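Peer 1: return atomic coordinates for the entry below.
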Amino acid sequence: MFGKRGTPGSDGSAPKTFGGGKVTDTASPTKAKAAKSAAASAADPAPQTQSSQKPISEEAKEKLDEVKINVFNDLMEAVDLSELCALTPEQVREEINDMVSEIISMRGLVLSLQEQQVVIQDICNDILGLGPLEPLLERDDIADLMVNGPNVTYIEVNGKMQKTNVKFRDQAQLMNICQRIVSAVGRRVDEASPICDARLADGSRVNVIAPPLAIDGTALTIRKFKKDKLTLEDFLKFGSITPELKKVLEVISAIRLNTLISGGTGSGKTTLLNCMTGHIDSAERIITCEDSAELQLQQPHVVRLETRPPNLEGKGEISMRDLVKNCLRMRPERIIVGEVRGPEAFDLLQAMNTGHDGSMGTIHANNPREALSRVENMIMMGGYNLPTKAMREQISGAVQVIVQAARLRDGSRKITHLTEVIGMEGDIVTLQDICVYQIEGEDSNGRLVGRHKFTGLRPSFWDKAKYYGQEQKLAEALQFAN
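Peer 2: Residues are numbered from 1 along each chain as shown. All right, here's what the predicted structure looks like:
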């Protein structure tokens, strides 16, 4: 199949063995067929067989790690990379299965079917995927994956941190996997450029920080997306919102209110933004601007833009502000900024104030009032010497609704505030809460108990809801809630 497949022992000498085992004759058609059959079954194991197998002990895992290193090195000597690149991933996996089975047989390694399956799967993941991280990426219950050097890996499941037994062979393997991730989106990470933001093929956000900045080895963080795209209905099932609040959020998206989604790290801001965009009219032209493209809009007319870091000479950088300013020339109906974190806040406010109704963005803040203060600070970062009152008038005229998301101490995620911006009273921006989440205690399992309470105030966007024919839906939600 590959020109170098016969490398081990091809000079006529007896091939080197691991552990003193006898060399088997892989040229025998019957044995080759059996090896191929075993490899195929290892690549696609039956579910009932996998569930009935006993887990491999820690001692056996350590021995297998050594076997994997030796087999992997032999495979790298035997494989013809130029031919490998010409094949599809499925064909490459099949070839690797065959070759690893042959190497195991030629080296006389005594492995059970389960152990051979583990070796083949791990080597395939190492060559085609992200090595030891592949089994974690396959799980749909993991929200975050955090690698703190080659020997420590944590995951977040149901809002709680858990330490795993996933380890890398060494720092070099971890760094190679990071290089593979970032190079797929045209970026790089090394000693000269040790910090990098990237994304996986499914849009999951990736951050890499390498030595010498990361003292204990490369730190890799992956904010993992679920395979099935979430909707507001899923938020309802999770208990993050109530049916009435869900209707109000749907109305806010449909009637083109300028919205800021505020929250802390890991509170679900981007996920909520994705869900709210699901209720935008399919006829609207939407342009998204992000540092690493992770939004998954489901509308047909979407243009996705992504920032670009500078090259080695420090040139060629395209900032978020450049993207937002360019959006205004692309005939957008809505502009969505993945995360507002700098001077681009001023350009986004300008867009919101100049006919691009329904624009959205996320921002890091602990409550709605702080969110507006952060926007104000970001405008100052851009070097604008505007009077404070003029700046706040710009903000109050642009932002209409703030949705506050939070991750509570029990790991659950809730929408804690739905707040609208009313206007100005003197030099102060006036806010009005429509709905607030109130914590009432905790149950016997340590889970917080609370409820979403509507304030009973009539929203100032009632007339706009009537203009878009959504006043009946809004009235039903507010009336039932109260």
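Peer 1: distance from the chain centre to stretch 334-343, please.
Peer 2: From the chain centre to the centre of stretch 334-343 is a distance of 18 Å (CA atoms, centre = their mean, to the nearest Å).
Peer 1: output it as CSV, restricted to C-alpha atoms.
Peer 2: The C-alpha trace of stretch 334-343 is given here as CSV (Å, rounded to 0.1, in the frame of the first residue of the first chain):
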residue,chain,number,x,y,z
ARG,A,334,-28.0,43.9,11.8
ILE,A,335,-24.4,43.9,13.1
ILE,A,336,-23.6,41.3,15.7
VAL,A,337,-20.3,41.6,17.6
GLY,A,338,-19.2,38.4,19.3
GLU,A,339,-17.6,40.3,22.2
VAL,A,340,-17.3,44.0,22.8
ARG,A,341,-14.0,44.5,24.6
GLY,A,342,-12.3,47.7,23.2
PRO,A,343,-12.7,50.9,21.3
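Peer 1: just the buried residues of that stretch, please?
Peer 2: Using 16 or more other CB atoms under 10 Å as the test for burial, stretch 334-343 gives 334, 335, 336, 337, 338, 339, 340, 341, 343. All C-beta atoms are positioned from the backbone trio N, CA, C, and that covers glycine.
Peer 1: would you turn these into a markdown table with pLDDT and distance to residue 270?
Peer 2: Putting the buried residues of stretch 334-343 into a markdown table (pLDDT from 0 to 100; distance: CB to CB, whole Å) gives the following:
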| residue | pLDDT | distance to residue 270 |
| --- | --- | --- |
| 334 | 92 | 16 |
| 335 | 92 | 16 |
| 336 | 92 | 11 |
| 337 | 91 | 11 |
| 338 | 86 | 7 |
| 339 | 87 | 8 |
| 340 | 88 | 12 |
| 341 | 87 | 13 |
| 343 | 86 | 21 |
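Peer 1: where does residue 119 land in three-state SS?
Peer 2: Here residue 119 is helix, with the state taken from DSSP: H, G, I helix; E, B strand; the rest coil.
Peer 1: swap in residue 281?
Peer 2: Per three-state DSSP, residue 281 ends up coil.
Peer 1: okay, now it: neighbour count?
Peer 2: Residues lying near residue 281 (other CB atoms under 10 Å) number 15.
Peer 1: any idea of the pLDDT on it?
Peer 2: On the pLDDT scale, residue 281 is placed at 89.
Peer 1: ditto for residue 360
Peer 2: 93.
Peer 1: does it touch residue 273 like I think?
Peer 2: Yes: here residue 360 reaches residue 273: they are 6.1 Å apart, a contact under CB atoms under 8 Å.
Peer 1: show me the helices in the stretch 251-400 of the chain, by range?
Peer 2: 269-277, 320-327, 344-352, 368-381, 388-398 (DSSP state H, counting those that start in this stretch).
Peer 1: can I get the ones you listed in a markdown table with mean pLDDT?
Peer 2: Listed next are the helices of the stretch 251-400 of the chain as a markdown table, based on pLDDT from 0 to 100:
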| stretch | mean pLDDT |
| --- | --- |
| helix 269-277 | 90 |
| helix 320-327 | 89 |
| helix 344-352 | 87 |
| helix 368-381 | 91 |
| helix 388-398 | 90 |
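Peer 1: so which of those helices is nearest residue 443?
Peer 2: helix 269-277 (25.2 Å; CB to CB).
Peer 1: packing partners of that closest one?
Peer 2: Secondary structure elements in contact with helix 269-277, counted by 3 or more CB pairs under 8 Å, 6 or more residues apart in numbering; DSSP states H and E, are helix 232-238, helix 243-254, strand 259-263, strand 360-364, strand 401-407.
Peer 1: just those: most buried one?
Peer 2: When the helices and strands packed on helix 269-277 are scored by mean count of other CB atoms under 10 Å, the highest mean neighbour count falls to strand 259-263 (a mean of 27).
Peer 1: distance from the chain centre to that one, please.
Peer 2: Computed by CA atoms, centre = their mean, the chain-centroid distance of strand 259-263 equals 19 Å.
Peer 1: what is the mean pLDDT for that strand?
Peer 2: Mean pLDDT, strand 259-263: 95.
Peer 1: angle of it against helix 243-254?
Peer 2: 130 degrees (axes from the mean of the first three to the mean of the last three CA atoms, to 10 degrees).
Peer 1: for strand 259-263, which strands pair with it and how are they oriented?
Peer 2: Using DSSP bridges, strand 259-263 pairs in its sheet with strand 360-364 (parallel), strand 401-407 (parallel).
Peer 1: any idea how far residue 127 is from the residue nearest to residue 452 when sequence neighbours are not counted?
Peer 2: Of all residues not flanking residue 452 in the chain, residue 242 sits nearest, at 4.8 Å (CB to CB, 6 or more residues apart in numbering). Taking CB to CB, to the nearest Å as the measure, residue 242 falls 48 Å from residue 127.
Peer 1: name the surrounding residues that touch the helix or strand where residue 429 lies.
Peer 2: Element membership of residue 429, judged by DSSP states H and E, is strand 428-442. With CB atoms under 8 Å, 6 or more residues apart in numbering as the contact definition, strand 428-442 has outside contacts at 245, 248, 368-369, 372, 392, 395-396, 402, 408, 410, 414-424, 448-455, 457, 459-460, 481.
Peer 1: narrow these to those that are buried.
Peer 2: Judged by 16+ other CB under 10 Å, buried ones among these: 245, 248, 368-369, 372, 392, 395-396, 402, 408, 414-421, 448, 450, 452, 454-455, 459, 481.
Peer 1: ok so, going back, can you say which of the helices and strands packed on helix 269-277 is nearest to residue 328?
Peer 2: Using CB to CB, the helices and strands packed on helix 269-277 put strand 360-364 closest to residue 328, at 15.0 Å.
Peer 1: touching both of residue 360 and residue 273, which residues are there?
Peer 2: Joint contacts of residue 360 and residue 273 (CB under 8 Å, 6+ apart) are 261, 336.
Peer 1: what sits against residue 222?
Peer 2: Applying CB under 8 Å, 6+ apart, the residues near residue 222 are 133, 137, 144, 145, 146, 200, 204, 205, 206.
Peer 1: repeat that with 10 Å
Peer 2: By CB atoms under 10 Å, 6 or more residues apart in numbering, the contact list for residue 222 reads 130, 133, 136-137, 142-147, 155, 181, 198-200, 204-208.
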